[in-house]
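*Asks:* Build me a structure from this.
(chains A and B)
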Amino acid sequence: MGEARIKPASAGPAGEHVRSDLNVRFEPTSEPLAVELFSKVDYLYGEVIDNAVRRVTDAFGVTTGRITVTDAGALEWVILARTESCLRRAGLDGPPVLPNPAPGADAPRRRSRLRRSRLYIPGNQPKLMISGGLYGADGIILDLEDSVPPAEKDTARLLVRNALIALDWGQSERMVRINQGPLGEEDLDAVAIHNPHTVLLPKVETEELVSATAETLQHLAGEGAAFLMPILESPRGIHRAFEIASADPSVVALTLGLEDLSAELGAPRTTDGSESFLARQTTVFAARAAGIQPIASVFSDIEDEGGLAAYVRRERGLGFDGIGCIHPRQIPVVHREMTPSESETERAVRVVRAAREAEEQGLGAVAVGSKMVDPPVVQQAFRTVELAVAGGLLAKDWDAEG
Amino acid sequence: MAMKLERNAAGRMVPVEVNGRASIPYQGFGNHRPDGVKAAPRIASCVDYPADGDKRVSSLKEALEKVGLTDGMVVSTHHHLRNGDAVGNLIFDAAAEIGARDLMWFPSASFPVHANQIGHLDSGVIHHIEGSMNGPLGAYCSAGKMRGLGVLRSHGGRWQAIQDGEVHIDVAVIAAPTADSFGNANGLRGPAACGLLGFALADSIYAEKVIVVTDNLVPFPCLPWQIQGNNVDAVVEIGSIGDPSKIVSGTTRITQSPDRRRIAELAARFCAEAGIMRDGFSFQAGAGGTTLAFAMYLAQLMRDAGVTARFARGGSTQHMVEMLDEGLIEFILDGQTFDLDGVRSMREDARHQDTSPFTSYNFHGKGNFASMVDVAVLGATEVDLEFNGNVVTHSDGRLLHGIGGWQNCLAARCAMLLVPSFRDRIPVIVDEVTTLCGPGELIDVVVTERGIAVNPRRQDLLDAVAGSKLPIRPIGDLKAELDRICGVPAKPALTEEPVAVVKWVDGTVIDTVWRVD
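*Replies:* Presented below is the predicted three-dimensional model:
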């Protein structure tokens, strides 16, 4: 890389409103490297910030130039990501300096797990990520696609990588939504080895895209390769729903994006959702046929709690196992509405008990009272009991006596 | 000038003399028992006042001349009009006009609007301020530019200081949304209606001279007389005592921040799970976004459990009024009205009672309401591993807030601090608070978005929530997590020059605020 290609660059937001973030500016000079810091937390973390910036410049072998850091209380993983991004934008290159891993950074992924709620967090807004693991969502989606403007894709990718390492996501499944096309490949290069549990693939229209992505993940992360959740967002995608759902063993769930879909259909998105009924139903059928989870789209009005509850009931009624959330406030509502009713739960408990008894006695058929129960009903009963436990309707040890 | 300092019972170095008066270092909770008699103004005679009761004078300047304002006097004002207040500034402009110097300003609280006083501090009209200092005034004091020491008191501590004679007010200036020409006044009506005038009550009783300033003069009698004209020397009518849009908000807003909502919800659930929320209980909540959200979550839990509160204390808002109307609360004992619904309710509903720092908070009285409250939820800038709280300074030592009723509310049976665990990388849970405002023995629970820490002194509360799903964690555990998330902070360097002292509710000095360079 020739010196001539190095140019002034900047990464990160600037201005009065910025909080928990920072701006890093680099200007090439022939003088020895100078780092100037403006921070409202300099009296507590001035040295720590300077040190973080210099670890990145050291890794990149930067010895000249001027770096100006304007910080508004960013955490270390954000400082590392923004500095790296700034230097890369300047035309410099080097190995990334990664933050210290949080407890839970190596939490194992699980194919079969509750996916009732998944919370979208924009990939370029560290402030919204910091507490993401606290809200009890079944999954957290660090989004690199629609919520990140094109000019910020490069930085967001590094922020998401560092957030996967440095933040404790608690019980939530660690999900990343990547971009389409070549940008998406760069996304995978950055995050694949940092234990994303599941990668969301936007606008999938072919099974080839799914298997190619699975291959890329396998290549990058081997044993640790993430699961996949394709998103159907076009009439073509809906048409190939089953092929997509069954394209690769790493696919664990199938979802759909209604905003883009309605736009392509030329049908305005309505509250009752009649324009997308077939698409939603098709998604459920395809996912169930492929033995994976069907997951519904998001509900975008944060203030309308009643509307959200009705939406969750409706989608659950269609057979969906989960809903997308765009604000933490939606999570408890989704969990509440995804919890089966008491009568559903009682029935399911009877079936589960009967199934266990049948297994103990080595019987092939399950009977509740005088009625025979078919295997899919038994399977559904186990799912209902799991949801009832997760929703707090049944105690974890409900079966302790029986 | 080196000031003589002494280590108080909390281990803090404090001046033994404050603005020329001997001061008592903090002795530990409940250990300082004053003797002596209460202070009082001189006896007045009605022969010196108009028999027809008309005490009007034409201007603030004339009023100050009439009450004999002279250099070095103590002039008090009040914060009922909050950031919309005009009178606090106008009265010092008038004092400057008549050439007064070296006055002590004794506000019940100051707001950013009072940055006007910096000019009067610079020119020598005001010598120093004893009262909350934040914003530009806080920065001014923190930089060591004020000639005297700032003295920070709680609302109850201010009553105590006046009653005990620590502060003798020469001239009290009361901005009154409604008044008559005799000086009877209230805050219930008029363009600047603010609800009640409780913070001015002590001043009206104990000050040598009292001036009532109003923009809504009504014919005698002004009812109810929250301030009694029998204590008033002069009444001034002016065009406007304040900007209504900054006095009360149309509606107070519940926080939208997911973290703060989580904190509020955890706090409300704690009250339910610990058995604090039971029929006939009482709570204290203010108008901050997080405490409003707390009241909202608590209301839902009360509804679900069919529980009614006997009374709620503190600042009233639309949300509190809705709880009263719904029957979730039987009475509101209101110390400060924050929005128009609160003002209306106080005017129209006999169950919505105005209170004063005397009834609610005064430590040197025969009891006060604060200790009769089951649970109080409060904020803080810092809380340390011993559960000590700071509410006046930023972690860099700069003055940021007044104490308000915070210290007084710690007397509740369960005092809870609702705080984020860090703000923009600045940890709220620290090894040792920068400024000690409330001793840890009075702070029972700290609720953050990352978990709830219960003071080990409150084994009863720990037992009550054992087995619940609440994230109860030792405070040291929370601190360790913050060190991991934020990094271990450096110890900020403070100077050794006092710029202000923090009084405890009994008038002793609990800590010192140091100059910041």
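
*Asks:* Tally up the residues packed near residue B:476, please.
*Replies:* Neighbour count of residue B:476, defined by other Cβ atoms under 10 Å in any protein chain shown: 11. C-beta here means a position set from N, CA and C on the backbone, and glycine is covered the same way.

*Asks:* C-terminal to the helix or strand encompassing it, what's the next element?
*Replies:* Per DSSP states H and E, residue B:476 falls inside helix B:475-486. Where DSSP H and E defines the elements, the next helix or strand beyond helix B:475-486 is strand B:498-503.

*Asks:* Residues touching that following strand, excluding its own?
*Replies:* Here strand B:498-503 makes contact (Cβ atoms under 8 Å, 6 or more residues apart in numbering or on different chains) with B:3, B:5, B:14-15, B:18, B:23, B:133, B:141-144, B:146, B:149-154, B:157, B:161, B:392, B:399, B:403, B:435-437, B:509-515.

*Asks:* Could you check how far that strand is from the centre of its chain?
*Replies:* Going by Cα atoms, centre = their mean, to the nearest Å, the spacing between the C-alpha centre of strand B:498-503 and its chain's C-alpha centre is 16 Å.

*Asks:* Measure how buried residue 15 is and give me the count.
*Replies:* You didn't pick a chain, so chain A it is. 8.

*Asks:* Not quite, go with chain B.
*Replies:* What residue B:15 shows, counting by other Cβ under 10 Å, is a neighbour count of 18.

*Asks:* roughly how far apart are it and residue B:167?
*Replies:* Note on residue B:15: its distance to residue B:167, by Cβ to Cβ, to the nearest Å, is 16 Å.

*Asks:* One more: residue A:138?
*Replies:* 59 Å.

*Asks:* Same check on residue B:214?
*Replies:* Residue B:214 is 25 Å from residue B:167, by Cβ to Cβ.

*Asks:* Kindly report the same for residue A:75.
*Replies:* Distance from residue A:75 to residue B:167, by Cβ to Cβ: 45 Å.

*Asks:* Neighbour count: these two, which is higher?
*Replies:* residue A:75 (27 against 24).

*Asks:* Leaving out sequence neighbours, find the closest residue to the residue of the stretch 51-200 of chain A found nearest chain B.
*Replies:* Closest to chain B within the stretch 51-200 of chain A is residue A:73: 2.6 Å, counting by Cβ to the nearest Cβ. Among residues not flanking residue A:73 along the chain, residue B:424 sits closest, at 2.6 Å (Cβ to Cβ, 6 or more residues apart in numbering or on different chains).

*Asks:* So what's the residue count around the one you found?
*Replies:* 19.

*Asks:* now do the one 3 residues further on
*Replies:* Per other Cβ under 10 Å, the neighbour tally for residue B:427 reads 22.

*Asks:* Next up, the contacts around the residue in the stretch 401-517 of chain B that chain A sits nearest to.
*Replies:* Residue nearest to chain A within the stretch 401-517 of chain B (Cβ to the nearest Cβ): residue B:424, separated by 2.6 Å. Applying Cβ under 8 Å, 6+ apart to residue B:424 gives the contacts A:19-20, A:40-41, A:72-73.

*Asks:* re the thing from before, check whether the helix holding residue B:476 contacts chain A.
*Replies:* Yes. Helix B:475-486 reaches chain A (Cβ under 8 Å from any Cβ of the partner chain) through B:484-486.

*Asks:* Surely residue A:211 forms part of a helix?
*Replies:* Yes. Counting by DSSP: H, G, I helix; E, B strand; the rest coil, residue A:211 falls inside a helix.

*Asks:* where does the one residue in the stretch 301-402 of chain A that gets nearest to chain B land in three-state SS?
*Replies:* Per Cβ to the nearest Cβ, residue A:328 is where the stretch 301-402 of chain A lies closest to chain B, at 4.0 Å. Assigned with three-state DSSP, residue A:328 falls in the coil class.

*Asks:* My understanding was that it contacts residue A:137; is that so?
*Replies:* Yes. Using Cβ atoms under 8 Å, residue A:328 is in contact with residue A:137, at 7.4 Å.

*Asks:* which residues do the two both contact?
*Replies:* residue A:119.

*Asks:* neighbour-wise, which of these two wins?
*Replies:* Set side by side, residue A:328 and residue A:137 show more neighbours around residue A:137, with 29 against 23, by other Cβ under 10 Å.

*Asks:* The more buried one should be in a helix, yeah?
*Replies:* No. Using three-state DSSP, the assignment for residue A:137 is coil, not a helix.

*Asks:* wait, it sits on residue A:172?
*Replies:* Yes. Under the criterion of Cβ under 8 Å, residue A:137 makes contact with residue A:172 at 5.2 Å.

*Asks:* quick one: common contacting residues for the two?
*Replies:* Counting by Cβ under 8 Å, 6+ apart, the residues touching both residue A:137 and residue A:172 are residue A:119.
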